[in-house]
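Participant: Here is a sequence together with a model predicted from it:
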Amino acid sequence: MRVLLYTGKGGVGKTSVSAATALRCADLGYRTLVMSTDPAHSLADAFALPIGSAPTPLADNLFGLEIDPFREIEANWATVKDYLVTLFASQGVGDIVAEELSILPGMDELFSLLKIRQFYEQRAYDVIVVDCAPTGATLRLLHFPEMIGWYMRRLFHVERKIVGTIRRFRDELFSVPLPGDEVYETVERLYQRVSEMKAVLADPEVTSVRLVLNPEKMVIEETRRAYTYLNLFGFVCDAVVANKVLPDEVTDRYFAQWKASQQRYLDEVEASFGDLPIFKVRLYEREVVGVDALRRMANDLFGDRDPTERFAAVEPFRIQKRGDDYWLEMRLPFAQKGEIQLWRKGDELIVRVSAIKRHLVLPHVLAKRQVRDAKLDGAWLKVRFTDEASG
């Protein structure tokens, strides 16, 4: 089974590229599902066909899914949501505001992404193509397993014991409702599901992330940052799609400077992402809407290639032994030395790149050793661990 995630800055054409990829997979005989994690669904608009909250047939071997986030939140978060609404209401927060505050930012996208794990376990499809939300939302979403993992490791069990101990005194000591066991059980189930989802998305044999961009300065800069952060969290990118490229047959003088600008930025993309294949898609004379238009885009995008291929095998993370020392190496393309902060806390190595931070739980072979030094060597952050006795 293959999972293909398309992400990029808003407006670059992720939905069209995702839909075209899914259609090509289906045409090749793969049973394919195309779905969206973006609350503002537009897959139905791309296919010009209705798509429901259950897998909907779109063509031979092809199904579409636009998840109803409110239904998923009710199914997965209702117990916690009801507690939070009661908590906020006890502090004088109005019902409508309390209802909104009870749903954490990004929860709708998260529960959409959890569907991938469900379909993966069912083996219902050969390929799942995911039209992700714009870059910032996708990075927050993929960061969620790290955040909930930190909470579960550091606070969850202690908090649950404390609350269980003092719950019988709440009338005398507290003016707010305390969470019951069912709230903690819901959070624990969610953590388990998120962990299983992360394992699927971080498996390079299963999942590839593909970056969609336009040959424009701001878009390229955001794509570079996204590539760095995706590597930081261990997700494998295997291709870049440069969309809306002016074709050679456009010779009108009005577009001369625009074409020259695009070519400069395409050269920059080639130089920046040289370790990844770069697929180029022309700017079409009309909107890419409907099966025929999407099939044309798929032909231009992939030619004779199979979209389920792993187009690149660039590992974002590795541990190596050299002599008596162990090296943890993380691939952080485009990161600058001044942007990186690194510190050790117990069995965690905390790595911060600009505004994004990851708590990396160290394997035992590293956790029992001390960090001796670290260096940024090209695109690789290399951290050396040594025996305390020998160091």
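Facilitator: Looks like it came in fine. Residues are numbered from 1 along each chain as shown.
Participant: helices and strands around the helix or strand hosting Thr15, which ones?
Facilitator: Per DSSP states H and E: Thr15 is located in helix 14-27. Secondary-structure packing of helix 14-27 (3 or more CB pairs under 8 Å, 6 or more residues apart in numbering; DSSP states H and E): strand 2-7, strand 32-36, helix 43-47, strand 62-66, strand 127-131, strand 207-213, strand 237-245, helix 291-302. C-beta: built from backbone N, CA, C; applies to glycine.
Participant: If we use 7 Å, what do you get?
Facilitator: strand 2-7, strand 32-36, helix 43-47, strand 62-66, strand 127-131, helix 291-302 (3 or more CB pairs under 7 Å, 6 or more residues apart in numbering; DSSP states H and E).
Participant: got a list of contacts for that helix?
Facilitator: Applying CB atoms under 7 Å, 6 or more residues apart in numbering, the contact partners of helix 14-27 are 4, 6-8, 32, 34, 42-43, 46-47, 59-62, 127, 129, 131-132, 212, 241, 243, 288, 291, 294-295, 297-298, 301-302, 307-308.
Participant: Quick check on those: which are buried?
Facilitator: Among those, those scoring as buried are 4, 6-8, 32, 34, 42-43, 46-47, 59, 61-62, 127, 129, 131-132, 212, 241, 243, 288, 291, 294, 297-298, 301-302, 307-308 (criterion: 16 or more other CB atoms under 10 Å).
Participant: follow-up on the earlier one: generate TSV for the helices and strands packed on helix 14-27, with mean pLDDT and distance to Ser18 as supplementary columns.
Facilitator: TSV is the format used below for those (pLDDT from 0 to 100; distance: least, CB to CB, whole Å):
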stretch	mean pLDDT	distance to Ser18
strand 2-7	95	5
strand 32-36	95	6
helix 43-47	94	8
strand 62-66	94	10
strand 127-131	95	4
helix 291-302	96	10
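Participant: Redo the ones you listed as CSV? Include distance to Lys337.
Facilitator: Formatted as CSV, the helices and strands packed on helix 14-27 follow (distance: least, CB to CB, whole Å):
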stretch, distance to Lys337
strand 2-7, 27
strand 32-36, 38
helix 43-47, 41
strand 62-66, 43
strand 127-131, 34
helix 291-302, 37
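Participant: Which one of those lies nearest to Met197?
Facilitator: Smallest distance to Met197 across these (CB to CB): 10.4 Å, for strand 2-7.
Participant: what's that closest one packed up against?
Facilitator: helix 14-27, strand 127-131, strand 207-213.
Participant: which strands and helices sit next to the shortest one?
Facilitator: Applying 3+ CB pairs under 7 Å, 6+ apart, we find strand 127-131 packed against strand 2-7, helix 14-27, strand 32-36, helix 107-122.
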